[in-house]
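Undergrad: Sequence first, predicted coordinates after that:
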Amino acid sequence: MKFFRVMPALLFVVIFWVVFLVDAFIPGFTFNSFGLRPRSAGGLLGIFVSPFLHGNLIHIVSNTIPLLVLPFLAGLAMTSRDVVVILVLGALGSGIGTWLFGFNGIVVGASGVVFAMIGFLMANAYFSPSIKSILLAGASFVLYGGALLSLLKVMPYISWAGHFWGFISGVVIAYGFKQSQPYVKK
């Protein structure tokens, strides 16, 4: 069943909601202090944990919905293992890029993973063209193409680097999938 291909993304979302709720109910403490700090040795841990941390309710909801929809779209054409690879490599690529090139401050949130999913779905239609991949890219663009506008402007309190490197990571992952299966016809 293709629904089960979204289970890794659902688990990811459940984890960051649990972290958010625990954080909300511990007075005087926040997990967000473990977020990514660009070019700081103390911020390296944030590469791995920042996708699980969110600043407020609007922030977490704005990452939750696309992280349920976009992996579901990817799962229509891929295995759940492939979806996990995209999520993990997308988070790492976004985190490493943000750590290397991000602006000052603490970066939290899973929007880099959202942009990795968008980048993957769009680039997959280019690198592995098929009716299915083109329709999935079109669906992701219709649903979340407006988010790509954030790549054109740096806005306060939004990690441009996280979005940009997430998107680039998705493109690289799609290219890597194509390279790992050069003779597979879809």
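TA: Ah, there it is.

Undergrad: Just the element for the residue nearest the centre of the chain, please.
TA: Nearest to the mean C-alpha position of the chain, counting by Cα atoms, centre = their mean, stands residue 113 at 0.6 Å. Element membership of residue 113 [criterion: DSSP states H and E] is helix 111-127.

Undergrad: hmm, who's touching stretch 131-140?
TA: 70, 73, 74, 76, 77, 117, 118, 121, 122, 124, 125, 186 (Cβ atoms under 8 Å, 6 or more residues apart in numbering). For every residue, glycine as well, the C-beta is placed using N, CA and C.

Undergrad: Of these, grab the buried ones for PyMOL.
TA: Burial among the contacts of stretch 131-140 is assessed by 16 or more other Cβ atoms under 10 Å; the matching PyMOL selection reads:
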select buried, resi 70+73+74+77+117+118+121+122+124+125
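
Undergrad: Verify the assumption that residue 140 is located in a helix.
TA: Yes. When DSSP: H, G, I helix; E, B strand; the rest coil is applied, residue 140 is found to be in a helix.

Undergrad: Name the nearest residue to it, ignoring sequence neighbours.
TA: Once flanking residues are discounted, residue 140 sits nearest to residue 121: 4.2 Å by Cβ to Cβ, 6 or more residues apart in numbering.

Undergrad: Correct me if wrong: that neighbour contacts residue 74.
TA: Yes. Using Cβ atoms under 8 Å, residue 121 makes contact with residue 74 at a distance of 6.2 Å.

Undergrad: Next one: residue 8, what pLDDT does it get?
TA: For residue 8, the pLDDT comes out at 85.

Undergrad: The host helix or strand of it: how far from the chain's middle?
TA: Here residue 8 sits within helix 7-24, counting by DSSP H and E. Distance, stretch centre to chain centre, for helix 7-24: 14 Å (Cα atoms, centre = their mean, to the nearest Å).

Undergrad: got the CA coordinates for whatever helix or strand comes next after that helix in CSV?
TA: Downstream of helix 7-24, the first helix or strand assigned by DSSP H and E is helix 45-49. The C-alpha trace of helix 45-49 is given here as CSV (Å, rounded to 0.1, in the frame of the first residue of the first chain):
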residue,chain,number,x,y,z
LEU,A,45,24.9,19.3,16.8
GLY,A,46,22.2,21.5,15.3
ILE,A,47,22.8,20.0,11.9
PHE,A,48,21.2,16.8,13.3
VAL,A,49,18.6,18.2,15.7
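
Undergrad: That concludes my questions; thank you for your assistance.
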